[in-house]
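J.: Just to be clear, the model below is a prediction. Sequence and coordinates:
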Amino acid sequence: MNDLSNMRVLIAEDDFASRILLQAILEKWGYEVVVANDGAAAWRILDADNAPPIAVLDWMMPHLSGADLCAAIRARDQELAPYVVMLSTKGEKSDLSAGLDAGADDYLVKPFDFAELDARLRVAKRAIRRQRDLIACRNAAQYQALHDLSTGALNRGAILTRLSAVLSVGRSATVGLLAIDEHKRL
């Protein structure tokens, strides 16, 4: 299982006081915090290969809004996209709906209760852990579907699929197959 105790979190908040307060609280809770003071800086962090798995985004920021960031994150169609918590002073139901429709996983209205933020970040960690576990299970199933479990070699179906792909592009190939019956008796 993946250890998520020191998980990295991006805080994208243009208000200096709010950003510093959020950073102090999250670091106190054991998170490794990365900060951005506008949407463009946040996107550079989220677009990197080692992007934090959780992003706490202010809705209203210069250059790119939190909603624009959510849309950009979801447009990348990543296997494991960041879990996004949107923060906003916009508290109408239509605003919440718009934030979630833009791609946020959760939404908190400012001013918010820190205990509620803590609970929502724990939900984010559980969701990320489950998603990572599902990806690992899927990868294991894909491996098992293509390999002989006792030898690790490609199985007959995988060999035929690869051979078909090679031959379909007009290339010639030489193939040798060896079957060892009852190899498990050794």
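T.: Perfect, thanks for sending it. Note that the structure is a prediction, hence the values are computed from the model and not measured.
J.: helices or strands next to the longest helix along the chain in the packing?
T.: If you go by DSSP state H, the chain has its longest helix at helix 114-146. Identification of packing neighbours for helix 114-146 by 3 or more CB pairs under 8 Å, 6 or more residues apart in numbering; DSSP states H and E yields helix 16-28, strand 54-58, strand 83-88, strand 106-109, helix 156-168. (Each C-beta comes from the backbone N, C-alpha and C, glycine too.)
J.: so Ala173 sits right up against Arg162, yeah?
T.: No. Look at Ala173 against Arg162 with CB atoms under 8 Å: they stay out of range, at 9.6 Å.
J.: The two: which is more packed in?
T.: Arg162 (14 against 8; other CB atoms under 10 Å).
J.: and the gap between the more buried one and Arg156?
T.: Separation of Arg162 from Arg156 (CB to CB, to the nearest Å): 11 Å.
J.: With Ala75 instead?
T.: Counting by CB to CB, the gap from Ala75 to Arg156 is 40 Å.
J.: Then Val33?
T.: Taking CB to CB, one finds Val33 at 51 Å from Arg156.
J.: and what of Val109?
T.: Distance from Val109 to Arg156, by CB to CB: 58 Å.
J.: if we can go back for a sec, quick check: buried residues in the longest helix of the chain?
T.: 117, 120-121, 124-125, 128-129, 132 (16 or more other CB atoms under 10 Å).
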